[in-house]
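Trainee: Okay, predicted coordinates and the sequence, questions at the end:
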Amino acid sequence: MTAESKYTVAQLGARMHYSVPRILYEAGLLEHFYTDICAVKGWPRLFRNLPKRMQPGGLKRLLGRVPGGVPLEEITAFTAFGFNYALQRQWATSKEEAALIQFEARKRFCQKILDQGFGNANALFVFSNECLELLEYAKNTGLKTVVEQVIAPQPIYNRLMKSEQEAYPGWEEPIAENQLQQECVSREYSEWKNADVIICGSDFVKDGIKECGGPVERCKVVPYGITTPSVRPKRCRKDGPLRVLTVGAVGLRKGSQYVLEAAKQMKGKAVFRMVGTVNVLPKAVEQLRQHVQLTGVVPRSEVKKHFEWADVFLLPSICEGSATVTYEALSYGLPVIATPNTGSIVKDGFDGFIVPVRDASTIAEKLEYLTDNPKIISRMIERSTARRMETSIEAYGKRLLTAI
């Protein structure tokens, strides 16, 4: 890519707080940004001055969708489309129905952008599983194409999740293999075919593409970054049981079942809290509540207090891209326990621990070790502080621009 590249960016949702369009704009490389619904375009902006006490949870989350650092004239938001898409997903009565709604919405999103055009762009930056039509058009018209593979490839994901569903029946409604699933796999391969560069958040993602026979030679690993807290809390080991925090959707993919198993083993020695949407069936909720505090989903503005509450952050994911919540935990000075599949930048034994996937006993062992050695926690806090710049959005921006 040359310094003269001008990118059209297309993104459903507020992934990583719109960091990619912001980074490209600040580098002078953004032609235009397309998204579904955000707080600064269309009718949602009318609610931004509404007192927080009058904002229901859903509105608070919508008003948190702010593409900061990107001028309004550079943003096109398909507000009606995004609102209807959100409602359809909310009203879906099964995982199969939700998957079909998502599949069709991604194609409609692409068509809306194609109807608008790419302007003076000579490059395209899009995200996996939602962009095939855009990639095909860009490739056929001579544009440079970059796709970010946001999670391990579909065949890897499907295999891992099937194994978890068999091991933990009654936790989630299983998705049977069907034609839609196979079509999603086929589209993913086609995305790779039409991409000049494939951005991977971690080696776990890149290795997955290689395992699936994808073009690993076009893959570049670019760890993420986050906007670090302006004021870092003074952190020290609190009295009483170890406080263990997990942030993210409660479900099999995030390894919530192994958080539960570790909590059982650490009963009386640690307190566990899970912050995020609860995506498991009532039977699993009942099991979790016996050993874990479930807060449900909370607005992003309120997550900070949970990071400040904790002594340790735990995310034993089964399948990720690179979980940005682990970057946030490090930025708050928390030791992080994660699996290789989490795609975290944690250095084992330095600012946390990398534990084998599906291994609650090793999780409990590491938590026990931290409980018995509070000085180790203090040392890990100091080390994560030393890596503050490495986890920053600025460092991520430099890595991303170099890769593309």
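Mentor: That came in fine, so what should we check first?
Trainee: Identify the residues contacting the host helix or strand of Asp207?
Mentor: Using DSSP states H and E, Asp207 maps to helix 203-211. Here helix 203-211 makes contact (CB atoms under 8 Å, 6 or more residues apart in numbering) with 149, 151-153, 156, 192, 198, 200, 215-216, 219, 221, 320-322, 340-343. Where C-beta positions appear, they are placed from N, C-alpha and C, glycine not excepted.
Trainee: pLDDT (mean, whole number) over that helix?
Mentor: The pLDDT scores in helix 203-211 average 97.
Trainee: Now that helix: buried residues?
Mentor: Across helix 203-211, burial judged by 16 or more other CB atoms under 10 Å covers 204-209.
Trainee: just curious, which of these is nearest to Arg253?
Mentor: Of all those, Arg253 sits closest to Phe204, with 13.3 Å by CB to CB.
Trainee: Flag the shaky bits of the stretch 101-250 of the chain, pLDDT-wise.
Mentor: Residue ranges of the stretch 101-250 of the chain with pLDDT under 70: 229-238.
Trainee: Report the contact partners of the closest residue to Val297 other than its chain neighbours.
Mentor: Among residues not flanking Val297 along the chain, Thr277 sits closest, at 4.5 Å (CB to CB, 6 or more residues apart in numbering). Counting by CB under 8 Å, 6+ apart, Thr277 touches 249-250, 296-297.
Trainee: can I have the helix holding Asp207 written out in CSV, keeping just the CAs?
Mentor: Extracted in CSV, the C-alpha atoms of helix 203-211 (Å, rounded to 0.1, in the frame of the first residue of the first chain):
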residue,chain,number,x,y,z
ASP,A,203,-1.4,-16.2,16.0
PHE,A,204,-4.4,-18.3,16.9
VAL,A,205,-6.4,-16.8,14.0
LYS,A,206,-3.5,-17.0,11.6
ASP,A,207,-2.9,-20.6,12.5
GLY,A,208,-6.6,-21.3,12.0
ILE,A,209,-6.4,-19.9,8.4
LYS,A,210,-3.4,-22.1,7.7
GLU,A,211,-5.2,-25.2,9.1
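Trainee: from the middle of its chain, how far away would the helix or strand following that helix be?
Mentor: Downstream of helix 203-211, the next assigned helix or strand under DSSP H and E is strand 219-221. Remark: strand 219-221 is offset 17 Å from the chain centroid, using CA atoms, centre = their mean, to the nearest Å.
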